[in-house]
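Colleague: Below is the structure, and that's it, no one-letter string:
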């Protein structure tokens, strides 16, 4: 017992006095802090924009109403934009995900919705290409490198310097020594990760609730997976250079090559020409109505809103009721391609879910983005909330349009308030399970290989 | 300098590398990845362009087949323009996945170019896209690291370096010989691969080799050759200052991570911090404010438009707008269009300049990171760069403005002011209008845009050789 404690002490001292360890920890800590800073900055900036919306909306609407003075509501209703926003969840500061690519505010008119959903945010495309240096990036990309740096030469270094011969006098001492070395490294990795994660919780103000727990568990298992890979390579009993090369090779494959190939694969397997088709259909569907008799267009509208049948729509001249019925018809005719588009986005999502199970690097990124609600699914939920708001706004103003109320005679501000998509609690059990299975497989193989390569059967 | 000695050392280096099985295994893996990259890149670009052309044709057909319509209806019917990928985009995707693919052009409004591939992708895209350019920029340097890390450090460890130096060989000659050997191996293995991938990609998609594509391909080949040389110098240099081959490998891999992952990301976030760009809401409300200051066509008492009215009446010598021989409504609309388009362009140029300043940070940093340099040059030459996309936005805005202007002219002359809304004009009016054709950025402009990065690459070549000279003069690096 005393012996083991002494060995542990010496081994820990040996490990901790090496310069690489502290350099690695310092570097990852620095990147972690920068990641927290960066995520906070970016999301704060978005929040600031979102907070400015209420004033922008009020000013805009007041101006429109002032201009419309004396005109019927139907004529004024063409102009106003109605703003919506997709506020970040508290975990978005940790994993920015697709929030920089997808718009987090959208404004819609009472016209056909499909042409208004895909307006992009103004961003520098090179910034998007390069990507974010957020906490998620540090943990997904850089932390595995720290693990590799800690472990690649656990035994090979001592073999190369000759110390190993002294250790390997007996099988029990070999096993004990290997176990000791591994535990110390594992302990160091976990302490570093836990410290940085805790700093993250504090600086990013992550609430101590289930989603934060999901992030923590996912992260822990992900790091164990990488530790398992490192141990497996070490158990092959090769030189330090070989170990380093092999581990970097695996890192490049899992972090760069595999996602690159999988992404192209998914995009070409599920192309989305419907995105463009929706825009075309909606435009044609609406504009063709101008040249057609008014009654059939109105019938389409009445099928959903029979209460407006009582208002006469003259066949020989323009009327506001007819105009908004045409817009509505445009949406009806693009509904099909819009539905296919959303279904295909769902298909892309499920396909990447599968690739994520096969590759924990993708898996952890998905887990982070899911928990933070910053993935494609989160954006689709936002788009649906915008569609919903668009309907509420239209339905609020329809009575005034058909009644031909004067602009100044109605309250333009009391339309139903926009209801945010809200936080969606994601289930990450499939990702977590896959991490565990991978780790168990790796550790199992390592144990067998360690036995075969290091413990010699004494005759 | 002893050219003979350099040649011998270079030859020896080439032989040693090519004799090793590991070199060939790594090379074959890279060839395999390249084949996948070129094939998927090519088929993706082909499929994408097919989709865009189909959409374009549908929109053109609808446009041509419009019945008689009121001009202002047509102005709002508008037009959809679809962005196609450049001929060399299969080689380097550049910004293509992150910029919009279609834009709706209508009167009164400058819409954003929407529907980027990234907007419809899950986060996986953010790991980077596998293209031939990515293989050459990131993986081939790693290959050079793996075949070259022990090139000098190995000689030190085995004591051969001491023997060579005792035989009156200069250390500088040895370093140059090693660099030349490493570079030649890289060129021998990868320049033909670049050439083949370009030939295949261009042959299979464009079909003909225009002088523009030829020039671009040639420049791609030359700049990548320069890049591989820089990497070889770097690997030799680090190997020469390392105590052991193992140390050299670790340092080189660390540099690789720094160059390919850490610096590019930090450079861009730094650029964004230094030059803040407005978001969409701020951008649009600034334009709105400027427009309402300049002249508000909806306001009957607006001084700008009151003046327009007065001068128009004077010009035609009449007392009221109903007596005018032209449609005054159309005149007002065109004036509004002139104002808003001018203001938009000013603001848009400012926005683009801010983005350019942000991007210049990473161009400048290519002086310390050769990867950034080749990334910028390669995008520029492949026509998947920032400039090309900006040009697309500008050209579509110009097309929108010209089209709207023509429609307003038709409105002005063919529609009477009285009962304006109830009149229509012949569909021949629309059929005569020219279709949108994107004029790509010229190679000269592209080169001009990557001047900073090209300079940085040149700097690396000169500084690299200088560094070898310096290393060779230091006693401590010979042990």
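Modeller: Structure's in. What do you need? Computed from a predicted model, the values in this text were never measured in an experiment.
Colleague: which non-adjacent residue is nearest residue A:73?
Modeller: Distance criterion Cβ to Cβ, 6 or more residues apart in numbering or on different chains; nearest residue to residue A:73, sequence neighbours excluded, is residue A:400 at 4.1 Å. C-beta here means a position set from N, CA and C on the backbone, and glycine is covered the same way.
Colleague: and that neighbour, what does it touch?
Modeller: A:73-74, A:77, A:410 (Cβ atoms under 8 Å, 6 or more residues apart in numbering or on different chains).
Colleague: Name the next helix or strand downstream of the helix or strand containing it, please.
Modeller: Here residue A:400 sits within helix A:376-403, counting by DSSP states H and E. Remark: after helix A:376-403, the chain's next helix or strand is helix A:429-454, criterion DSSP H and E.
Colleague: Check the model's average confidence along that following helix for me.
Modeller: Averaged over helix A:429-454, pLDDT sits at 93.
Colleague: Same question for stretch A:317-336.
Modeller: On average, stretch A:317-336 scores 91.
Colleague: And the contacts of whichever strand or helix holds residue B:467?
Modeller: Assigned by DSSP H and E, residue B:467 falls within helix B:451-473. By Cβ under 8 Å, 6+ apart, the residues outside helix B:451-473 that reach it are B:170-172, B:174-176, B:179, B:223, B:226-227, B:229-230, B:233-234, B:236-237, B:240-241, B:360, B:363-364, B:366-367, B:370, B:372-374, B:376-377, B:380, B:447, B:477.
Colleague: What residues sit buried inside that helix?
Modeller: B:452-454, B:456-457, B:459-460, B:464-465, B:467-468, B:471-472 (16 or more other Cβ atoms under 10 Å in any protein chain shown).
Colleague: picking up where we left off before, what's the most distant pair in the contacts of residue A:400?
Modeller: Farthest-apart pair in those is A:74 and A:410; separation 11.3 Å (Cβ to Cβ).
Colleague: With neighbour numbers in mind, choose between the two.
Modeller: residue A:74 (24 against 18; other Cβ atoms under 10 Å in any protein chain shown).
Colleague: wait, is that one part of a strand?
Modeller: No: under DSSP: H, G, I helix; E, B strand; the rest coil, residue A:74 falls outside any strand and is assigned helix.
Colleague: residue contacts, the residue lying closest to it once chain neighbours are set aside?
Modeller: For residue A:74, ignoring the flanking residues on the chain, the nearest one in space by Cβ to Cβ, 6+ apart is residue A:320 at 2.4 Å. Contacts for residue A:320 (Cβ under 8 Å, 6+ apart) come out as A:72-75, A:77, A:401-402, A:404.
Colleague: Now do the helix or strand that contains residue A:230 against helix A:429-454, angle only.
Modeller: Using DSSP H and E, residue A:230 maps to helix A:210-234. Angle of helix A:210-234 versus helix A:429-454, following axes from the mean of the first three to the mean of the last three Cα atoms, to 10 degrees, is 20 degrees.
Colleague: by contact count, what packs against helix A:210-234?
Modeller: helix A:143-151, helix A:171-203, helix A:240-252, helix A:360-372, helix A:429-454 (3 or more Cβ pairs under 8 Å, 6 or more residues apart in numbering or on different chains; DSSP states H and E).
Colleague: The last one and chain B, any residue contact?
Modeller: So that's helix A:429-454. No: using Cβ under 8 Å from any Cβ of the partner chain, helix A:429-454 never reaches chain B; the gap is at least 12.9 Å.
Colleague: Relative to the whole chain's centre, how far out is that helix?
Modeller: 28 Å (Cα atoms, centre = their mean, to the nearest Å).
Colleague: same deal with the second one?
Modeller: Remark: helix A:171-203 is offset 29 Å from the chain centroid, using Cα atoms, centre = their mean.
Colleague: before we move on, what about the first one?
Modeller: Here the centre of helix A:143-151 is set off from its chain's centre by 25 Å, with Cα atoms, centre = their mean.
Colleague: cool, and the third one?
Modeller: Between the centre of helix A:240-252 and the centre of its chain there are 29 Å (Cα atoms, centre = their mean).
Colleague: Please look at residue B:219 and residue B:443 and confirm they touch.
Modeller: Yes: at 7.3 Å, residue B:219 counts as touching residue B:443 under the criterion of Cβ atoms under 8 Å.
Colleague: Spell out which residues are contacts of both of the two.
Modeller: residue B:381.
Colleague: for the lowest-mean-pLDDT helix or strand in chain A, packing partners?
Modeller: Here the helix or strand of chain A ranked lowest by mean pLDDT, DSSP states H and E is helix A:164-167, holding a mean of 73. If you count contacts as 3+ Cβ pairs under 8 Å, 6+ apart, helix A:164-167 packs onto helix A:171-203.
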